[in-house]
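A.B. asks: Predicted structure and sequence below. I'll ask about it afterward.
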Amino acid sequence: MHADVAGSFPSAQVTAAGGWICFEDEAGAWLNGPVRRTWGKAGHTPVLRMSGKHNDKISMVARACFKEGAEPRLIYAIKQSGGSTKKDFPRFLTLLHRRLEGPVTVVWDNYSSHISEHVKQYAQRQDWLTIIQMPSYAPELNPAELL
């Protein structure tokens with residue numbers, strides 16, 4: 001494990017307490033395909049249209065979790081419609097804690113839902129949770145970024 005994680009928070013403080021360090025990132029994907037063209041007879045280019053609504057979207061939250069002496073874990077959540085909001089993250093964090101069964105330090109970016117007052121108030125009430133904000137525009141600090 002790297003000596004320090006984002007925000008200059010020493011990993012040793014987390015691992016000495018038997019805790020997990022989880023790097024989080026979100027992504028969204030449209031469920032309908034774009035209009036594409038393919039080969040056809042000269043002058044008659046076929047247009048292939050994908051079925052589905054034009055606004056179907058899936059949102060994913062992935063966490064790469066590390067703990068000294070334990071196998072790394074990839075824990076993810078999928079939301080079928082719309083993006084993840086400030087009201088979703090307390091639920092996601094609670095499920096993460098249940099899954100890992102121990103103290104959790106979450107390192108994440110400055111997504112508006114992460115820095116919302118709703119999430120901050122939730123985090124302050126949890127003795128098992130530490131949240132570290134990464135610097136803006138620093139994807140190279142987050143191993144979950146490419147998940």
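C.D. replies: Structure received.
A.B. asks: rest of the way, CA atoms for contacts and neighbours
C.D. replies: Will do.
A.B. asks: Sketch out the low-pLDDT regions of the protein for me.
C.D. replies: Counting by pLDDT under 70, the ranges of the chain that qualify are 1-17, 32-37, 48-55.
A.B. asks: biggest helix in it, by residue count?
C.D. replies: If you go by DSSP state H, the chain has its longest helix at helix 88-100.
A.B. asks: Show me what the very next helix or strand once past that one is in contact with.
C.D. replies: Per DSSP states H and E, the first helix or strand lying C-terminal to helix 88-100 is strand 104-108. For strand 104-108, contacts defined as C-alpha atoms under 8 Å, 6 or more residues apart in numbering pick out 6, 14, 19-25, 97, 114, 128-134, 142.
A.B. asks: same thing but 6 Å
C.D. replies: 19-24, 129-134 (C-alpha atoms under 6 Å, 6 or more residues apart in numbering).
A.B. asks: Within the sheet, what are the partner strands of it, with directions?
C.D. replies: strand 20-30 (parallel), strand 129-133 (parallel) (DSSP bridges).
A.B. asks: on that earlier part again, got the CA positions of the longest helix of the chain in PDB?
C.D. replies: Extracted in PDB, the C-alpha atoms of helix 88-100 (Å, rounded to 0.1, in the frame of the first residue of the first chain):
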ATOM      1  CA  ASP A  88     -28.000   7.900  -2.700                       C
ATOM      2  CA  PHE A  89     -24.500   8.200  -1.200                       C
ATOM      3  CA  PRO A  90     -25.400   7.700   2.500                       C
ATOM      4  CA  ARG A  91     -27.200   4.500   1.400                       C
ATOM      5  CA  PHE A  92     -24.200   3.400  -0.700                       C
ATOM      6  CA  LEU A  93     -21.800   4.200   2.200                       C
ATOM      7  CA  THR A  94     -23.900   2.200   4.700                       C
ATOM      8  CA  LEU A  95     -24.000  -0.800   2.300                       C
ATOM      9  CA  LEU A  96     -20.200  -0.500   1.900                       C
ATOM     10  CA  HIS A  97     -19.700  -0.600   5.700                       C
ATOM     11  CA  ARG A  98     -21.900  -3.600   6.000                       C
ATOM     12  CA  ARG A  99     -20.000  -5.400   3.300                       C
ATOM     13  CA  LEU A 100     -16.500  -4.600   4.700                       C
END
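A.B. asks: Alright, that wraps it up for me.
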